[in-house]
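Q: I'd like to go over a predicted model; first the sequence, then the structure.
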Amino acid sequence: MKRPLALMLFAVLLVQGLTGCTKTIPSDPITGPSTYEQEMDLQANGFNRTYRVHVPVGYESKAALPLVVVIHGAFDTAEGMETYSGFSRLADEEGFLVLYPNGMGLFGFLQHWNAGHCCGKAAKDGVDDVGFIAAAIQDVCARLKVDRRRIYVLGFSNGGMMAYRFAAERSHLLAAAAALAASIGGRPSDQDPSWCIPVPQEPLPILIMHGMRDQDVPFEGGQSQRRGGPRTYWSVEDSVAFWVKHDGCTRDMKESRVYGGQVAVRSWQDCQKNSEVILYMIQDWAHDWPGTYFISKLPEGHPLRDFDAARIIWEFFKGHARPSDVVD
């Protein structure tokens with residue numbers, strides 16, 4: 001066995017050992033801050049699906065809290081996403097629940113999502129990840145006190161593609177969505193047809209964030225400049241135009257620059273049913289989560305040192321809730 005692979009497998013086994021110590025959701029009492037690991041009676045390729053859920057400081061069973069669903073990227077895990085996204089720390093400050101679903105893999109390794117056009121064995125086998133995430137949300141709602149008017153979903157990379165697909169196919173469950181370093185469509189190879197997420201069930205507020213130097217899922221679309229291969233992605237412009245159209249927004253786009261000009265923000269806010277589309281274009285940023293975990297590696301004084309995707313997304317989510325008369 002080659003050393004890099006051996007080290008990778010060792011790391012996976014170590015993570016599994018640590019994960020095994022994580023508590024399952026108790027019947028009562030449920031207190032925070034705490035992260036629970038839950039196995040569901042739902043399978044994909046012979047393995048039970050799992051998720052993590054973070055309960056914030058001061059959680060009380062009588063107080064319904066917002067639920068933010070955070071979807072990891074390819075080759076990652078719910079635990080990894082919790083670590084570098086910063087959402088659990090933010091949840092303790094702001095008072096919301098966080099659901100981190102696990103993609104389909106082998107013994108918690110090589111996990112992917114079937115986002116339609118991507119990625120891995122999950123897409124190849126046609127795994128029903130939309131159904132799984134919906135079931136995980138329902139499971140959390142049955143175990144914890146969730147404000148069903150304020151359920152949100154976001155994801156990074158392959159997880160962002162999954163968030164796009166879930167937002168389109170289950171928009172009636174959500175108050176808003178966000179996708180980072182992702183695309184709404186593409187094609188695995190020249191022999192495969194191009195695939196795009198379906199028309200959303202209803203208008204939905206959405207925030208899109210992408211690094212201008214992303215070489216994995218290029219801003220301009222096309223093939224991955226880093227990975228190569230025949231797979232192609234729709235551009236960020238295509239993804240934004242899709243949501244602007246189906247949210248019924250006007251073409252009066254507004255643009256501003258923040259963080260010392262390093263981030264351009266475009267917004268379409270005159271949309272149907274109080275929806276809106278926001279695009280963050282991050283200059284000189286590649287295919288990494290744009291938050292404290294990676295931003296802290298920038299030199300002191302860099303304009304992006306205070307950029308925190310989790311906080312930006314949460315501030316966006318906070319402004320949206322579903323009408324009480326349409327909650328399922």
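A: Okay, I see it.
Q: Run through the residues that contact the nearest residue to G221 once chain neighbours are set aside.
A: Closest residue to G221 in three dimensions, ignoring its sequence neighbours and counting by CB to CB, 6 or more residues apart in numbering: S235, at 3.2 Å. For every residue, glycine as well, the C-beta is placed using N, CA and C. Contact partners of S235, counting by CB atoms under 8 Å, 6 or more residues apart in numbering, are 183, 218-222.
Q: now S235: how far from A182?
A: Distance, S235 to A182, using CB to CB, to the nearest Å: 12 Å.
Q: Assess the claim that L65 and C141 are in contact.
A: No: L65 is beyond contact range of C141, at 11.0 Å (criterion: CB atoms under 8 Å).
Q: between these two, which one's more packed in?
A: Between L65 and C141, counted using other CB atoms under 10 Å, the more crowded position is L65 (22 against 17).
Q: How about the contacts made by the more buried one?
A: Per CB under 8 Å, 6+ apart, neighbours of L65: 56, 59, 95-97, 144-147.
Q: Can you show me the helices along this protein?
A: For the chain, the helices defined by DSSP state H cover 3-19, 78-85, 87-94, 120-124, 129-143, 158-169, 236-246, 292-295, 309-318.
Q: sorry, back to before: mutual contacts of S235 and A182, please.
A: Taking CB under 8 Å, 6+ apart as the contact rule, S235 and A182 touch no residue in common.
Q: what are the phi and psi angles of I197?
A: phi -60, psi 150 (degrees, to the nearest 10).
Q: Could you count how many residues lie near it?
A: 23.
Q: Report the buried residues of stretch 75-85.
A: Buried residues in stretch 75-85, counted by 16 or more other CB atoms under 10 Å: 75-79, 81-82, 84-85.
Q: and what of stretch 38-53?
A: By neighbour count on 16+ other CB under 10 Å, the buried set for stretch 38-53 is 38, 44, 49-53.
Q: least trustworthy position among the residues you listed, going by pLDDT?
A: Least confident entry in these, by pLDDT: A44, with 66.
Q: got a list of what the most centrally placed residue in the chain touches?
A: Residue closest to the average C-alpha location in the chain (CA atoms, centre = their mean): G155, at 1.2 Å. Applying CB under 8 Å, 6+ apart to G155 gives the contacts 70-73, 113, 161-164, 178-180, 182.
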